[in-house]
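> coordinates only, no sequence provided:
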C-alpha cells in the first residue's frame, strides 16, 4: 500500500501527531511518505492508495497553506477531468483527515469545519473517507497561555499527550483494516 501523510503545523502540535502517525504505519509494516504542506507544492494524490491530511485549526479552518494547496489541487483536478459530477468512488483510493485544536470557546465544534473542509477534497475526488480524527493541542503562542487552563476543554497543557498519540496509533491501525 502506498501511503501519503500530508500535514501543516504552525506550532508543532500537528507535526508531533503527523510524525507519530508515520511511525505507526511503519511499525505496521507500511512505508509512508510524510510531507509538510507548503504553498506552491505539487503532489499527485492519485499516486497513493491512502492519503492523510492533517492541520491545526485556525479560526475554524485548516491553516492557510492547506487552503491554498487544496484549492490548487481542486482546480487542477477539475481541469484534468478528475472532478466528476456525483463524485463516483475511485476503487482502491482512501483518505483520512486529522486536526489538532484548542477548543477554548466551543470545544470540538471549533475543529469540525476544518476537518470537513479537508475531507471534501477527497470526497469530491472519489476517495473513500476512512477517518476524520480530532486531537486536542495546547496553545503555544505567547498571549494565549490562559486558554490552556480556562477554556471549554479544561487543562490542555502538554497536549497532544502520550494518551493522544496512543489513540492516534489505534485509529491508524483501524484505518489499515478498512
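Thanks, I have the structure now. Just so we're clear, the structure is a prediction, and the values are computed from it rather than from any experiment.
> need the strands for the chain, in chain order.
Assigned by DSSP state E, the strands in the chain fall at 3-8, 32-36, 50-58, 61-62, 94-101, 128-136.
> closest one to residue 166 among those?
strand 128-136 (11.2 Å; C-beta to C-beta). Glycine gets a C-beta too; all of them are placed from N, C-alpha and C.
> and the closest one, what's buried?
By neighbour count on 16 or more other C-beta atoms under 10 Å, the buried set for strand 128-136 is 128, 130-136.
> for stretch 146-160, same thing?
So stretch 146-160, judged by 16+ other C-beta under 10 Å, has buried residues 147-148, 151, 153, 156, 159-160.
> next one: stretch 58-69
Of the residues in stretch 58-69, those buried under the neighbour-count criterion (16+ other C-beta under 10 Å) are 61-63, 65-67, 69.
> before we move on, what about stretch 28-47?
Applying 16+ other C-beta under 10 Å to stretch 28-47 flags 30, 32, 34, 37, 43, 45 as buried.
> could you report the neighbour count for residue 19?
Residue 19 has 15 neighbouring residues, counting by other C-beta atoms under 10 Å.
> residues touching it, list them.
Residue 19 makes contacts with residue 34, as judged by C-beta atoms under 8 Å, 6 or more residues apart in numbering.
> so how far is residue 128 from it?
Relative to residue 128, residue 19 is positioned 25 Å away (C-beta to C-beta, to the nearest Å).
> ok, now how distant is the closest residue to residue 1 other than its chain neighbours from residue 171?
With C-beta to C-beta, 6 or more residues apart in numbering as the measure, residue 49 is the residue that lies nearest to residue 1, at 4.7 Å, once sequence neighbours are left out. In this structure, residue 49 and residue 171 are 17 Å apart, going by C-beta to C-beta.
> next one: residue 33
Here residue 33 is placed at a distance of 19 Å from residue 171 (C-beta to C-beta).
> the helices in this protein, which residues?
Taking DSSP state H to define them, one finds helices in the chain at 13-27, 64-79, 112-125, 147-150, 162-176.
> please convert these to CSV, extending it with mean pLDDT.
What follows is these, written out as CSV (pLDDT from 0 to 100):
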stretch, mean pLDDT
helix 13-27, 99
helix 64-79, 98
helix 112-125, 99
helix 147-150, 97
helix 162-176, 98
